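Novice: After the sequence you'll find the predicted model.
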Amino acid sequence: MRILLLFVALLYIISYLGGWYLISIKSPMAVETVQSITSSVLTEAPFTTITHSLQAGNLVQAVIITFLLNLTTGAFLSTTLPGIIPVVGALMTVAITLLRGFVVGVTYPEIIGSSVAGFALGFGTMILELGAYVFSGAAGIHIALAPIMPGRYGAQGRWEAFKVAWKDAARIYLIVIILLALGAVWEMTGIFLFLRST
């Protein structure tokens, strides 16, 4: 599992740096990506729901929505659940990881470089949330490899290895939950304080 964690972390670092480089040279593709993401955040649910909660002073609701969204969609559905498909699920998780790292790479440099508060907000959120996604992604790949390499899991058969991988994933998800909870509190509190100061 350590190798998988390092592998997923490396994918995030490489794709983040790629996105950062493209936005730093004002690549049309990177600029269009930022504009598209900004438009979605400003006009589409659930982002608008979170924004309305913060504007109404309901920080707790914004934290809960952010946490649940990141846990279900960001972690489980996109990077862990694909693992139910042997091999292909691992490739899907890799693709999502590269895409997510790229998106963070094109969007976060502006936030991080805006001010000391922006740096604290952006860097803290990025470390906590991407850290959680490293664990959830490694869990997904771990599950996807189980049926094709049962011996690696100390199992006699493919189905037994698959079950062992899911038990490992359940243990890993304690870390995912903690990191995403901290990330939601950090991010929403930062945005809430920023909105209150403007």
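Specialist: Structure received.
Novice: Sort out which residues of the helix or strand of the chain with the lowest mean pLDDT are buried, please.
Specialist: Lowest on mean pLDDT, DSSP states H and E among the helices and strands of the chain sits helix 28-43, with a mean of 91. Within helix 28-43, the residues scored as buried using 16 or more other Cβ atoms under 10 Å are 30, 33, 34. Bear in mind the C-beta positions are built from the backbone N, C-alpha and C, glycine included.
Novice: looking at it, the last one is touching residue 23, isn't it?
Specialist: What it means is residue 34. Yes: here residue 34 reaches residue 23: they are 6.8 Å apart, a contact under Cβ atoms under 8 Å.
Novice: Now do the helices in the protein.
Specialist: Here the chain has its helices, by DSSP state H, at 2-24, 28-43, 47-55, 59-69, 88-112, 116-145, 158-197.
Novice: can I get these in CSV with distance to residue 152?
Specialist: Below are the helices of the chain laid out as CSV (distance: least, Cβ to Cβ, whole Å):
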stretch, distance to residue 152
helix 2-24, 11
helix 28-43, 37
helix 47-55, 40
helix 59-69, 33
helix 88-112, 13
helix 116-145, 7
helix 158-197, 8
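Novice: Most tightly packed of the ones you listed?
Specialist: Most buried of the helices of the chain, by mean neighbour count (mean count of other Cβ atoms under 10 Å): helix 116-145, with a mean of 22.
Novice: picking that back up, nearest to residue 151, of the helices of the chain?
Specialist: Among the helices of the chain, the nearest to residue 151 by Cβ to Cβ is helix 158-197 (8.1 Å).
Novice: Please state the offset of that closest one from the chain centre?
Specialist: 9 Å (Cα atoms, centre = their mean, to the nearest Å).
Novice: Output the contacting helices and strands for that helix.
Specialist: The helices and strands touching helix 158-197, judged by 3 or more Cβ pairs under 8 Å, 6 or more residues apart in numbering; DSSP states H and E, are helix 47-55, helix 59-69, helix 116-145.
Novice: what's near enough to touch the residue lying farthest from the centre of the chain?
Specialist: Most distant residue from the mean C-alpha position of the chain: residue 156, 33.6 Å away (Cα atoms, centre = their mean). Shown in contact with residue 156 (Cβ atoms under 8 Å, 6 or more residues apart in numbering): residue 150.
Novice: ok, it to residue 12 distance?
Specialist: Going from residue 156 to residue 12 by Cβ to Cβ, to the nearest Å gives 35 Å.
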